[in-house]
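In: I would like the atomic coordinates for the input below:
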Amino acid sequence: MTYNRELRERIVEAIDEDPARFLDHDLVGNDDARRLAVARIEGIDRLQVINCWKQCERALDRETREKLLALLDRRRDYLIEHGERGDRPQRDPESIEEWSAETVHVDGDGNPVERGRSATAKLHEVRQ
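Out: Alright, predicted model coming up:
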């Protein structure tokens with residue numbers, strides 16, 4: 001099977017995106033393309049999307065990248081264990097605290113932990 005127009009259209013219709021946008025690159029030699037593909041895979045929250053990505057990768061007609069398929073399998077296993085989007089329990093909106101830009105980490109009990117300002121925050125302050 002090759003990644004042709006028909007397969008692309010079926011995948012896009014099924015999941016509203018074209019995985020080839022992320023996969024049809026040299027993911028070994030191009031660090032930016034690899035990071036982008038890995039970040040997108042880690043953000044996948046539906047099993048159907050995982051299946052379409054695997055189908056796309058296999059159909060791109062190149063040597064199968066075992067590490068990429070393993071990453072997709074690991075994400076699939078995570079979704080099976082923790083549930084897909086919409087299946088996970090939602091936090092009570094009243095329990096969500098407003099945090100400052102400096103308060104982005106939480107301790108083991110869920111309490112905010114102050115941290116130093118980011119370089120972006122410092123730069124913004126200097127520019128004002």
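In: from here on, contacts and neighbour counts on C-alpha atoms
Out: Will do.
In: Can you give me every residue that contacts the closest residue to residue 85 other than its chain neighbours?
Out: Closest residue in space to residue 85, ignoring its immediate chain neighbours: residue 45 at 5.4 Å, by Cα to Cα, 6 or more residues apart in numbering. By Cα atoms under 8 Å, 6 or more residues apart in numbering, residue 45 lies in contact with 79, 84, 85.
In: Next one: residue 63 relative to residue 26, how far apart?
Out: 11 Å (Cα to Cα, to the nearest Å).
In: And the two? Which one has more around it.
Out: residue 26 (12 against 8; other Cα atoms under 10 Å).
In: Okay, buried residues for the top helix by length along the chain please.
Out: Looking across the chain with DSSP state H, the single longest helix is helix 66-82. Buried positions in helix 66-82, judged by neighbour count with 16 or more other Cα atoms under 10 Å: 68, 69, 72, 75, 76, 79.
In: per-domain residue ranges of this structure.
Out: 5-82, 100-127 (automatic domain parsing).
In: quick one: which of those domains has the weakest pLDDT on average?
Out: The stretch with the lowest average pLDDT out of the domains of the chain is domain 100-127, scoring a mean of 55.
In: which residues touch the host helix or strand of residue 53?
Out: According to DSSP states H and E, residue 53 maps onto helix 47-59. With Cα under 8 Å, 6+ apart as the test, helix 47-59 has contacts from 1-3, 8, 11, 15, 19-20, 23, 44, 64, 69, 72, 75-76, 79, 84.
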